[in-house]
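>>> Generate a structure from the sequence data that follows.
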Amino acid sequence: MRPVHILLVEDNEGDILLTSEAFEDAKIKTHLSYVKDGKEAIDFVTRQGKYANAQLPDLLLLDINIPKRNGVEVLKFIKADPQLRKIPVIMLTTSSSPEDISRCYENYANCFITKPIEPENYQEIVTQIENFWTSIVTLPVQNGT
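You can find the predicted model right below:
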């Protein structure tokens, strides 16, 4: 079985490091790619520019508050594209705003998780995401991977 490819869209270096460490410690084989803004996220999934040879992710972890194009704009783009919409998108953000939560689900986010403040709690959340989305859920096979 090939590793589950996860794209993390996150501009916070600390959260990138915590997420990377959580996936490295996992029992399940994953491949984590990351980009730091919304434009790069769209370039990655559409294989544009420096991401022309990128493998489509099996799962996307998406922050709302990212530069260039925010997470909701990226979510809308992905879910509007027939080739990309089957990629599960998990909103992983500091926001707990009811408006943000509603907006994400209205635009077909697969789930919305508010990041905890404490690093050990953040790592536990990432571990739970990984356990659920890579062990329990059957992810769609991506074309062209």
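
>>> all strands for this protein, in order.
4-9, 30-35, 59-62, 89-93, 111-114 (DSSP state E).

>>> ok, and what's touching stretch 36-47?
The contact list for stretch 36-47 (CB atoms under 8 Å, 6 or more residues apart in numbering) reads 7, 9-11, 16, 33, 35, 48-51, 53-54, 56-57, 60, 62, 66-71, 73-74, 77-78, 84, 87. For every residue, glycine as well, the C-beta is placed using N, CA and C.

>>> Just those: which are in helices?
Among the contacts of stretch 36-47, DSSP state H puts 16, 71, 73-74, 77-78 in helices.

>>> how close does the most centrally placed residue in the chain sit to G49?
By CA atoms, centre = their mean, the chain has its centre lying nearest to L61, at 1.5 Å. Using CB to CB, to the nearest Å, L61 is found at 21 Å from G49.

>>> hang on, the earlier thing: filter the contacts of stretch 36-47 down to the buried ones.
Buried residues within those, counting neighbours by 16 or more other CB atoms under 10 Å: 7, 9-11, 16, 35, 51, 54, 56-57, 60, 62, 66, 69-71, 73-74, 77-78, 84, 87.

>>> Can you pick out the most distant pair from the ones in helices among the contacts of stretch 36-47?
Greatest spatial distance among those (CB to CB): I16 and F77, at 21.6 Å.
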